[in-house]
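> Quick one, structure for this:
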Amino acid sequence: MSDPRKASAEILRRDQRSDRSLIHCWSLADRQKAGYYVRDRVLYRNYKYLGQEYEQLVLPVNHRQEVMKLAHEIYAGHLGAKKTKERIKLSFMSPTIASDVQKTRESCHQCQMERRVTVDDRDFGSVDVIETDQFQQPELLPTNNFFVTYGAL
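Numbers count the residues shown, from 1 in each chain. Just a heads-up that it's a prediction; the model follows:
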C-alpha cells in the first residue's frame, strides 16, 4: 500500500514544474533571490510579515482556487480581499494572489449580498437641467477656482 502523502507530494512537484506561471519563481530559486528556494524538489519562499518569518508554499495554478475558497469562506470568514490575502500569505504564495483573491471575493454570493452600497450603486433618477458656475473666493489665490454643479429636477 502506498503512502498517500508521498503521492500528493509527487503531484505537487509535478504541478509546480509544469506550471508556466511559476517559471520566474523557479528562476529566482535557482539564483537564490527574493527568498525563493527548493527543498525536496518543492518550491517555497521565505516571507517576512510584521517581524515574523513564514515559509510559503508556492501554489501551482491548479491548486490556487481551492486555497482561495478555503481561505475566504472557511478560515477568513468572508473578510475583504486585503485580509484574505494576508491570511493566505502566511502559508502560501502565488504570482497572481491579489487578482485570485479579488475574483474569489467577487464571485462569492454571500459577500455580494452583504457588501456596502456605494455612490455608484445608487440611482439618482434623471436630471433635466444641469448648470455649472465658476467662482473664486477673494481671500484665496487667483489660481484656486471652485466649480459648482447643480441640477434642477
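
> What's the end-to-end length of stretch 94-112?
25 Å (CA to CA, to the nearest Å).

> model confidence over it, on average?
Average pLDDT, stretch 94-112: 84.

> go on, stretch 50-65?
Taken as a whole, stretch 50-65 has an average pLDDT of 93.

> Output that stretch as PDB - backbone C-alpha positions only.
Below are the C-alpha coordinates for stretch 50-65, written out as PDB (Å, rounded to 0.1, in the frame of the first residue of the first chain):
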ATOM      1  CA  LEU A  50       5.200  42.000  11.000                       C
ATOM      2  CA  GLY A  51       8.600  40.900  12.200                       C
ATOM      3  CA  GLN A  52       7.800  37.200  11.800                       C
ATOM      4  CA  GLU A  53       9.200  34.900   9.200                       C
ATOM      5  CA  TYR A  54       7.000  32.500   7.300                       C
ATOM      6  CA  GLU A  55       7.600  29.700   4.900                       C
ATOM      7  CA  GLN A  56       5.200  29.900   1.900                       C
ATOM      8  CA  LEU A  57       4.500  27.000  -0.300                       C
ATOM      9  CA  VAL A  58       4.400  28.300  -3.900                       C
ATOM     10  CA  LEU A  59       1.000  27.300  -5.400                       C
ATOM     11  CA  PRO A  60       0.700  26.000  -8.900                       C
ATOM     12  CA  VAL A  61      -2.300  27.300 -10.800                       C
ATOM     13  CA  ASN A  62      -4.500  24.200 -10.500                       C
ATOM     14  CA  HIS A  63      -4.300  24.400  -6.600                       C
ATOM     15  CA  ARG A  64      -5.000  28.100  -6.200                       C
ATOM     16  CA  GLN A  65      -8.800  28.100  -6.400                       C
END
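
> Which positions within it qualify as buried?
The neighbour-count check on stretch 50-65 (16 or more other CB atoms under 10 Å) flags Gln56, Leu57, Val58, Leu59, Pro60, Val61, His63, Arg64 as buried. All C-beta spots, glycine's among them, are computed from the backbone N, C-alpha and C.

> Now do the same contact list for the fourth one.
To tie it back to what came earlier, the one meant is Leu59. Counting by CB atoms under 8 Å, 6 or more residues apart in numbering, Leu59 touches Val67, Phe92, Met93, Ser94.
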